[in-house]
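Undergrad: Structure for this input, please:
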Amino acid sequence: MAENRVAGTVFEVTNDELVHADRYEVSDYKRVSALLSSGRTAWVYVDARA
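TA: Residues are numbered from 1 along each chain as shown. Below is the predicted model of the structure:
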């Protein structure tokens with residue numbers, strides 16, 4: 001659905017970099033898997049209250 005799309009950039013990161021990103025985002029955000037318009041999946045950070 002077009003209303004669920006956001007502009008962004010996908011970065012390829014190592015598992016270690018992902019752990020550091022999780023620590024940086026603290027409890028305000030949570031990491032979830034999202035399906036991209038390309039058909040691939042990526043981790044994204046969303047509001048933890050959602």
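Undergrad: What ranges does the protein have for its helices?
TA: Remark: helices assigned in the chain by DSSP state H are 15-25.
Undergrad: Tell me where the model's unsure across it.
TA: 1-2 (pLDDT under 70).
Undergrad: In contact with the residue most central in space within it, which residues are there?
TA: The centroid of the chain falls nearest to Val44 when counting by CA atoms, centre = their mean (0.7 Å). By CB atoms under 8 Å, 6 or more residues apart in numbering, Val44 lies in contact with 8, 31-34. (Each C-beta comes from the backbone N, C-alpha and C, glycine too.)
Undergrad: of those, buried ones?
TA: For the contacts of Val44, a neighbour count by 16 or more other CB atoms under 10 Å gives an empty buried set.
Undergrad: With respect to Thr14, which of these is nearest?
TA: Closest to Thr14 out of the contacts of Val44 is Arg31 (14.9 Å), distances taken as CB to CB.
Undergrad: Is it correct that the closest one is in contact with Val19?
TA: No: look at Arg31 against Val19 with CB atoms under 8 Å: they stay out of range, at 10.6 Å.
Undergrad: ok so, going back, out of the contacts of Val44, name the ones that lie in strands.
TA: 31-34 (DSSP state E).
Undergrad: Just flag the most distant two among the residues you listed.
TA: Farthest pair in the ones in strands among the contacts of Val44, by CB to CB: Arg31 and Ala34, 9.9 Å.
Undergrad: Mind listing the shared neighbours of the two?
TA: 43-44.
Undergrad: The closest residue to Trp43 other than its chain neighbours: what's it in contact with?
TA: Distance criterion CB to CB, 6 or more residues apart in numbering; nearest residue to Trp43, sequence neighbours excluded, is Arg31 at 5.1 Å. Counting by CB under 8 Å, 6+ apart, Arg31 touches 18, 21-22, 25, 43-45.
Undergrad: Please name the bridge partners of Arg31.
TA: Tyr45 (DSSP bridges).
Undergrad: Distance of it relative to Phe11?
TA: 13 Å (CB to CB, to the nearest Å).
Undergrad: what's the closest of the contacts of Arg31 to Glu3?
TA: Taking the contacts of Arg31 together and measuring to Glu3 by CB to CB, the closest member is Val44, at 16.5 Å.
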